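Asks: Generate a structure from the sequence data that follows.
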Amino acid sequence: MEISFANINTLQAVRRKEELKECNQISERFGLFLSEQEMEWLMQNRYESLKSTGRMEFGEGIIRKLVFTFCDSAYLEQEEYATLLMELQELFYTLKKETLEQLTDDELLYAMRIIFDHSGGSLEHLRSIDRGTLYRIACSGTVDGTYLEQVRRWENEYE
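Replies: Okay, here's the model as predicted:
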């Protein structure tokens, strides 16, 4: 039996879909679920994100860790869940590249979650975060001493 790249790609796609189905079992506890079509979009988005950032991934992808990291956030809603996961996936690969691999996947995800929740679920803060602030948050586990601390104070004053 000869194994071709097409067969390998098909097997990988099947594995990715199974991973996403397993993610649904966890995220359903928080009212979040991916449809079959959304799973397909996420898999395609993963491929495009890796390609655009010049990255390669072996083994398990980042989507499972993204789901586990973010699914209990108060700022996720079912209507935007798949779209948000796609954007977080793209941001993860971009930030991983921009941080020159100096943060582990878990450290980066931890910092992303802190920023996401601290900014009320805003992806804009994640998109615009500078490397130094990202490192600081990843290492300290808090936004204290960063510009995000001041942004939150201003927002609280005007609420």
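Asks: how about the helices of this protein, start to end?
Replies: Here the chain has its helices, by DSSP state H, at 5-27, 36-53, 63-70, 81-98, 105-118, 123-128, 131-140, 147-157.
Asks: between the fourth one and helix 131-140, how big is the angle?
Replies: In this case it means helix 81-98. For helix 81-98 against helix 131-140, the angle by axes from the mean of the first three to the mean of the last three C-alpha atoms, to 10 degrees is 100 degrees.
Asks: Which neighbouring elements make contact with helix 81-98?
Replies: For helix 81-98, the packing partners by 3 or more C-beta pairs under 8 Å, 6 or more residues apart in numbering; DSSP states H and E come out as helix 36-53, helix 63-70, helix 105-118, helix 123-128. C-betas here are computed from N, CA, C, even on glycine.
Asks: For the helices of the chain, which has the smallest mean pLDDT value?
Replies: Lowest mean pLDDT within the helices of the chain: helix 147-157, at a mean of 69.
Asks: Ramachandran angles for Gln102?
Replies: Here the main-chain torsion angles of Gln102 (degrees, to the nearest 10) amount to phi -80, psi -10.
Asks: no, scratch that, I was asking about Leu100
Replies: Backbone geometry at Leu100, expressed as degrees, to the nearest 10, gives phi 60, psi 40.
Asks: Against Glu149, how distant is it?
Replies: In this structure, Leu100 and Glu149 are 25 Å apart, going by C-beta to C-beta, to the nearest Å.
Asks: Between those two, which is the more surrounded one?
Replies: Shown here are Leu100 and Glu149; by other C-beta atoms under 10 Å, Glu149 has more neighbours (12 against 8).
Asks: if I pick the nearest residue to that one once chain neighbours are set aside, what's in contact with it?
Replies: Distances taken as C-beta to C-beta, 6 or more residues apart in numbering place Val143 nearest to Glu149, at 5.0 Å, with adjacent residues excluded. By C-beta atoms under 8 Å, 6 or more residues apart in numbering, Val143 lies in contact with Ile114, Ile115, His118, Ile137, Glu149, Arg152.
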